[in-house]
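Colleague: With the input below, show me the fold.
(one chain, ligands or ions: 2)
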Amino acid sequence: MQIVHLGLGNFFRAHQAWYTSVAPDAADWPIAAFTGRSPAAARQLAAQHGRYTLLVRGPERDEAQIIGAVRAAYAANDHQAWRDHLAAPRTALVTLTVTEAAYLRAPGGGLDEAKAAADVAAWLRGDPAQTVPGRLMAGLAERRLFGGGPIAIVPCDNLPDNGAATARVLLDFTSLAEPALVPWIRDNVSFVTTMVDRITPRTTPEDVRTAAALTGFDDAAPVVTEPFTEWVLGGVFPAGRPAWEAGGARFVSDVTAHEQRKLLLLNGGHSLLAYAGSARGHTTVAEAVADRECRAWLEQWWDEAARYVPLPPAEIAAYRAALLTRFGNARIRHTLAQIAADGSQKIPIRVVPVVRGELRAGRVPAGAIRILAAWIDHLRGIGAPLDDAGAGPFVARANDVREVLGLLGLGGDALVSAVEKSVEPR
Ligand SMILES: NC(=O)c1ccc[n+]([C@@H]2O[C@H](COP(=O)([O-])OP(=O)(O)OC[C@H]3O[C@@H](n4cnc5c(N)ncnc54)[C@H](O)[C@@H]3O)[C@@H](O)[C@H]2O)c1
Ligand SMILES: O=P(O)(O)OC[C@@H](O)[C@@H](O)[C@H](O)[C@H](O)CO
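Modeller: Numbering: from 1, shown residues only. Ligands and ions are numbered 1, 2, ... in the order given. Next up is the predicted model:
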């Protein structure tokens, strides 16, 4: 059997490829990985026969592992290889790590048709589809044509209910571009929902030197990650899967509680530090969490967000304590700028649901308001640099708090006034 992966970035190599590498049946599950956009990662990995170093960075030392799970690496524009791999009956599942923005979701959750329009038009002209929903559709069209059979799609991006979210954008895209394929997708494609967790920063030139010194292998593309890792999956694998349980993956009937715990507490906490911490001059998560004020803001946010995590209080308390240790690992250089990117995709899923819930309960949540205000400051040029292709409408209205909140589907005088008081004076 075989796994196909789309989005050959660092996280995939620290997480899904690592789980596959430690599975007892790893030899039966080679991975063919495709870059999402630039060909650089494919070139680097192909030159190393897919092998790379995983530096597991604890608070005191690094442990180097050579991972050999990736057997073939392709550039995003190798459309023929993509279609061939998706069509092959031996391909049992497709994993994705392509960032939140790549799903082309509209605020309501379906496909943003304006963002997809050029790709739909390209497909109708007979050109290769370039977006993630378009590429999935193109590969599945080939699979149907050649009788490849049922398959699982396993998104591993930080989106709530990522399986259903992927199904929705894919089916919306297919309805526009290739409607005859829709029933086949409904009957043959299983969408697995996952909660994924392993803090994996960008690789620095120093990491490259460290990896070579530890292993003697002159690796152009090592990956640094933390010791902690978690993977919770819910859904059906009609053509099988590796025994990922060996690495600690859990298969459950409902991922929601795990997903809310991670998305609100970890990712929401990260977004708070990315905007409010960078505005205080910090560069990394570890620096920000060592700042007493940022740490107090984090606890305040967690107190509010915890109300929306359907788990026992003791479990939430243990998770919070573990997060402080993980965030405090100063040897992991996780930059606030990396986390701050694409806030227009992240704020609506990491923070807005808590604000809505609190307003419904008659509370004006100070911790969540701080994140909204710090993000608006970021849109106005404060703190980490703005790197967000979807920020245009928010930047255009950034001087007017009420309008920015309106774009997030939020409003009400009490909220607007609280956020106005919390943004930096101008
Ligand atoms: N890094 C982490 O700690 C971490 C942890 C959990 C989940 N994730 C998820 O993994 C994603 C990737 O993180 P990473 O650290 O590997 O980042 P990365 O920058 O190393 O890799 C990103 C990958 O996504 C692809 N991509 C980006 N935009 C795309 C687009 N519009 N269309 C198609 N492909 C696109 C890139 O080509 C690249 O292959 C995150 O956005 C997040 O959803 C990351
Ligand atoms: O990867 P992103 O861009 O979705 O979000 C940035 C971080 O919050 C995220 O990468 C976390 O480090 C990760 O989700 C931990 O598992």
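Colleague: how close does A330 sit to I339?
Modeller: 16 Å (CB to CB, to the nearest Å). C-beta: built from backbone N, CA, C; applies to glycine.
Colleague: Let me see the residues that make contact with the least confident helix or strand in the chain by mean pLDDT.
Modeller: Lowest mean confidence among the helices and strands of the chain (mean pLDDT, DSSP states H and E): helix 40-47, at a mean of 95. Residues outside helix 40-47 that contact it (CB atoms under 8 Å, 6 or more residues apart in numbering): 8-9, 33-35, 51-52, 70, 72-76, 78, 220-221.
Colleague: what residue is smack in the middle of the protein?
Modeller: D157 (3.0 Å; CA atoms, centre = their mean).
Colleague: Let's verify that one: helix, strand, or coil?
Modeller: Under DSSP: H, G, I helix; E, B strand; the rest coil, D157 falls in the coil class.
Colleague: That one contacts R105, doesn't it?
Modeller: No - here D157 lies out of contact with R105, judged by CB atoms under 8 Å, at a distance of 10.8 Å.
Colleague: all strands of the stretch 201-350 of the chain, in order?
Modeller: Per DSSP state E, counting those that start in this stretch, the stretch 201-350 of the chain carries strands over the ranges 223-225, 230-234, 250-251.
Colleague: Looking at the contacts of helix 40-47, which is nearest ligand 2?
Modeller: The shortest approach to ligand 2 among the contacts of helix 40-47 belongs to G9, at 9.3 Å (CB to the nearest ligand atom).
Colleague: That closest one contacts F34, doesn't it?
Modeller: No - in this structure, G9 is not within contact of F34 by CB under 8 Å, at 11.2 Å.
Colleague: Neighbour count for these two, which is higher?
Modeller: Shown here are G9 and F34; by other CB atoms under 10 Å, F34 has more neighbours (26 against 19).
Colleague: Please, where are all the helices along the stretch 201-350 of the chain?
Modeller: For the stretch 201-350 of the chain, applying DSSP state H, counting those that start in this stretch gives helices covering 205-215, 256-260, 268-272, 278-279, 285-289, 292-305, 313-327, 336-340, 343-350.
Colleague: Convert the C-alpha atoms of the last one to PDB, please.
Modeller: Output in PDB follows, covering the C-alpha atoms of helix 343-350 (Å, rounded to 0.1, in the frame of the first residue of the first chain):
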ATOM      1  CA  GLY A 343      -4.400  35.700  11.300                       C
ATOM      2  CA  SER A 344      -7.500  36.300   9.100                       C
ATOM      3  CA  GLN A 345      -7.800  32.400   8.800                       C
ATOM      4  CA  LYS A 346      -6.900  31.700  12.500                       C
ATOM      5  CA  ILE A 347      -8.700  34.300  14.600                       C
ATOM      6  CA  PRO A 348     -12.200  33.200  13.400                       C
ATOM      7  CA  ILE A 349     -11.600  29.600  14.600                       C
ATOM      8  CA  ARG A 350      -9.300  30.000  17.600                       C
END
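Colleague: who touches that helix?
Modeller: Contacts of helix 343-350 (CB under 8 Å, 6+ apart): 99-101, 105, 107, 158-160, 263-264, 267-268, 271, 274-275, 371-372, 375, 378-379, 388, 390-391, 394, 408-409.
Colleague: Only whichever of those are buried, select them in ChimeraX.
Modeller: Selection of the buried residues among these in ChimeraX, burial being defined by 16 or more other CB atoms under 10 Å:
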select :99,100,101,105,158,159,160,263,264,267,268,271,274,275,371,372,375,378,379,388,391,394,408
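Colleague: ok, and the residue nearest to T131 when sequence neighbours are not counted, which helix or strand is that part of?
Modeller: Once flanking residues are discounted, T131 sits nearest to D119: 4.4 Å by CB to CB, 6 or more residues apart in numbering. According to DSSP states H and E, D119 maps onto helix 113-125.
Colleague: before we move on, back to that, A330 and I339: who's more crowded?
Modeller: I339 (26 against 13).
Colleague: Surely the more buried one is in contact with V285?
Modeller: Yes - with contact defined as CB under 8 Å, I339 reaches V285; the gap is 7.3 Å.
Colleague: Which neighbours do the two have in common?
Modeller: 270, 273.
Colleague: Spell out the secondary structure type for the closest residue to Y103 other than its chain neighbours.
Modeller: Among residues not flanking Y103 along the chain, V169 sits closest, at 5.3 Å (CB to CB, 6+ apart). Three-state call for V169 (three-state DSSP): helix.
Colleague: so what's V169 up against?
Modeller: Applying CB under 8 Å, 6+ apart, the residues near V169 are 103-105, 110-111, 132-133.
Colleague: okay, among the residues you listed, which ones form the most distant pair?
Modeller: Longest distance between any two of those is 14.7 Å, between G110 and V132; criterion CB to CB.
Colleague: okay, these two: which has more neighbours?
Modeller: Neighbour tally, G110 and V132, criterion other CB under 10 Å: the higher count belongs to V132, 25 against 15.
Colleague: can I assume the more buried one is in contact with R37?
Modeller: No - V132 is beyond contact range of R37, at 10.3 Å (criterion: CB under 8 Å).
Colleague: How about the residue in the stretch 1-150 of the chain that ligand 2 sits nearest to: what's its closest non-neighbour residue?
Modeller: Distances between the stretch 1-150 of the chain and ligand 2 by CB to the nearest ligand atom are smallest at E100, namely 5.8 Å. Nearest in space to E100, with sequence neighbours left out and distances taken as CB to CB, 6+ apart, is Q345 at 4.1 Å.
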